[in-house]
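Peer 1: I'd like to go over a predicted model; first the sequence, then the structure.
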Amino acid sequence: MTQASTHYDVIIIGSGAGGGTLTFRLAASGKKILLLERGDYLRREAENWSTKAVNQDGRYNTKEVWRDKRGEALHPHTNYFVGGNTKFYGAALFRFRSEDFGEVAHHGGLSPAWPISYDELEPYYSQAETLYSVHGNRGEDPTEPHASSPYPYAAVSHEPRIQQLSDDLAALGCKPFHVPLGVKLDEKNPRKSPCIRCATCDGHPCLVNAKSDTQICAIEPALECSNVTLLTNAYVEKLATSSSGREITTVRVKRHGELEIYTANVVVVACGAINSAALLLRSASSKHPRGLGNGSDIVGRHYMGHVNSVMMAISKCPNPTVFQKTLGINDFYFGSKEWQHPMGHISFVGKLDADTLRAGAPTIAPGWTLDLMARHSLDFWLTSEDLPDPENRVSLDRDGQIVLSYQPNNEEGHSRLIAKLKDLLKGSTRCSVHGHECHQGLFSRNLYAAQRIPLAGVAHQNGTIRFGDDPKTSVLDRNCCSHEVSNLYVVDGSFFPSSAAVNPALTIMANALRVGDHILERLS
């Protein structure tokens, strides 16, 4: 066992959207910051852009095995690298709607209010959009909340087939908009643009470092400060407290087969909603018998990951689009004239190809091959809000393995969202070649056939260590500090009381900046 010779002001566990962004915020303070990442740097190699390597072979997936509620093996689609899952995300960086911070009535039940308002987080949304080079156009999305500043960069343009669809949707009375994207793209000067609008942005690491992931935008700049230290291959086994149980005294790290001990004034957990809950549960002690800071028995509960679908719209005309993920539809986010409950969000995934389809084994359209389907498909991503259920939870089995128990809920809105998309496609402009017979159908597809939790349930993980004003019903206070452990903070998506129906990344980033200001004030 190695006892650390240096005491830190802050230890941050996890380098993803929350931990990496917080590191950036604290770096310029001069305080001693230690960032611990269980993985290593992701290797830049040709396979970064190989859909076969990424989707079929799972080259970058963790080999870790979890369990489902029946005790059967669960192979999560998650990644442990510097930058966390932002190395693989599609870089869609949405603000939650202002209404998402209040109580919202869904068909399946109530989505609870947050202890903070949208207005409290709004300045940090603007800061996060700048930090992560977000491209977008204000005023297009009919549900977008007010903003104190424009997007840092103009929206990423549509390619012709997507522009045609946008025009068709507008003609049907919808208000399609450009998806806010975090990419380092300069369309006015493409020769010098880091981003080349490749087909493997969504779900792949970026070989040319042009995606706005946490490593590139936050961690690398933070490491230019001499007071910031990053340790890779550093798996945190346990957080130990003082005899009173009121503060963390040591962080126990397994690194290269050896146990290392670190200490800090403040400890921040940012391992992702599943692994952060698991860490607190592993850190049970006589003072915290149900897990660290878990007197409320809330840790691990209320797991959410959205109700997600990938839908392929097949047409006789080919879709030559390369960079597809530029169009969104939120007209049904809060419902419709016929149905007064929220349905959710429609946008796109990265352009699917035959190798990606083979990984998910979709229903094959009659008379079509996978390759032909891929060349003729529009590939939609649909997200609806799932609701917090205490029985949807992260726990540990007797061997300390993660157990993820999840039963989807609030599914009626999602079914109606799919129906809305079908209706819109049937009503789209008559094709000049094939007429209205051009549209061949909408096919459901599971990207990861071996995954036994809902599609992207791990990618959008949130809700297991919720914040709130009442210690009986929450784990963290409004500053994301533990109600029970005075120097413990959590800044990944686990603090969410509700999941909304858009990608959680920007909200995690904005909140990390907000909590960072609180920690800086505390340390001063």
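Peer 2: Nice, thanks for sending it over. Residues are numbered from 1 along each chain as shown.
Peer 1: Now do the buried residues in the longest helix seen in the chain.
Peer 2: What stands out as the longest helix in the chain, according to DSSP state H, is helix 505-523. Applying a neighbour-count criterion of 16 or more other C-beta atoms under 10 Å, the buried positions in helix 505-523 are 505-516, 519. In short, each C-beta sits where N, CA and C put it, glycine included.
Peer 1: how far away is G58 from A147?
Peer 2: 38 Å (C-beta to C-beta, to the nearest Å).
Peer 1: Pick the one among the buried residues of helix 505-523 closest to V394.
Peer 2: Closest approach to V394 among those (C-beta to C-beta): I508, at 17.3 Å.
Peer 1: contacting residues around that closest one?
Peer 2: Contacts for I508 (C-beta atoms under 8 Å, 6 or more residues apart in numbering) come out as A17, G18, T21, V491, D492, G493.
Peer 1: Quick check: closest non-adjacent residue to it.
Peer 2: A17 (4.3 Å; C-beta to C-beta, 6 or more residues apart in numbering).
Peer 1: got a list of what that neighbour touches?
Peer 2: Counted by C-beta under 8 Å, 6+ apart, A17 has contacts G84, N85, T86, T214, D492, G493, A505, I508, M509, A512.
Peer 1: Quick check: what element follows the helix-or-strand element of the chain with minimal mean pLDDT along the chain?
Peer 2: Using mean pLDDT, DSSP states H and E, strand 439-445 stands out as the lowest-scoring helix or strand of the chain, at a mean of 51. With elements assigned by DSSP states H and E, the helix or strand that comes after strand 439-445 is strand 488-490.
Peer 1: Could you name the helices and strands sitting against that following strand?
Peer 2: With contacts taken as 3 or more C-beta pairs under 8 Å, 6 or more residues apart in numbering; DSSP states H and E, strand 488-490 sits against strand 258-269.
Peer 1: got the buried residues for stretch 341-356?
Peer 2: 341-353, 355-356.
Peer 1: I misspoke; the intended subject was stretch 257-270.
Peer 2: Neighbour counts using 16+ other C-beta under 10 Å place E260, Y262, T263, A264, N265, V266, V267, V268, V269, A270 of stretch 257-270 among the buried residues.
Peer 1: can you pull the pLDDT of the fourth one?
Peer 2: To tie it back to what came earlier, the one meant is A264. Per-residue pLDDT puts A264 at 98.
Peer 1: what pairs with it across the strands?
Peer 2: Listed by DSSP bridges, the beta-bridge partners for A264 are Y8.
Peer 1: what sits against it?
Peer 2: Counting by C-beta under 8 Å, 6+ apart, A264 touches H7, Y8, D9, V10, I11, L34, I248, V251, N487.
Peer 1: Spatially nearest residue to H178 (excluding sequence neighbours)?
Peer 2: A155 (3.4 Å).
Peer 1: The one you found and L131: what is the separation?
Peer 2: Per C-beta to C-beta, A155 is found 18 Å from L131.
Peer 1: now the nearest residue to E120 once chain neighbours are set aside: how far from A277?
Peer 2: In space, and not counting its chain neighbours, E120 is closest to R514: 7.6 Å by C-beta to C-beta, 6+ apart. Distance of R514 to A277, computed by C-beta to C-beta: 21 Å.
Peer 1: so K351 sits in a helix?
Peer 2: No: using DSSP: H, G, I helix; E, B strand; the rest coil, the assignment for K351 is coil, not a helix.
Peer 1: Pretty sure it sits against P320.
Peer 2: No: the pair K351 / P320 is not scored as a contact, 9.4 Å apart, by C-beta atoms under 8 Å.
Peer 1: now the helices for the chain?
Peer 2: Taking DSSP H, the helices of the chain run over residues 17-27, 51, 118-131, 160-171, 214, 220-222, 273-282, 354-360, 370-375, 412-426, 505-523.
Peer 1: Pick the most deeply packed of the ones you listed.
Peer 2: Across the helices of the chain, averaging neighbours per residue (mean count of other C-beta atoms under 10 Å) puts helix 214 on top, at a mean of 31.
Peer 1: Give me the contacts around that helix.
Peer 2: So helix 214 is contacted by S15, G16, A17, G19, G20, T21, G83, G84, T86, K87 (C-beta under 8 Å, 6+ apart).
Peer 1: And the pLDDT for C317?
Peer 2: C317 is assigned 82 on the pLDDT scale.
Peer 1: again with the one 5 residues further on
Peer 2: If you check V322, the pLDDT there is 95.
Peer 1: How many residues are close by the spatially closest residue to it that is not a sequence neighbour?
Peer 2: Excluding its sequence neighbours, the residue lying closest to V322 (C-beta to C-beta, 6+ apart) is A199, at 4.9 Å. Neighbour count of A199, defined by other C-beta atoms under 10 Å: 16.
Peer 1: can you tell me the average pLDDT over stretch 480-491?
Peer 2: Here the average pLDDT along stretch 480-491 is 98.
Peer 1: residues of that stretch that come out buried?
Peer 2: So stretch 480-491, judged by 16+ other C-beta under 10 Å, has buried residues C480, C481, S482, H483, E484, V485, N487, L488, Y489, V490, V491.
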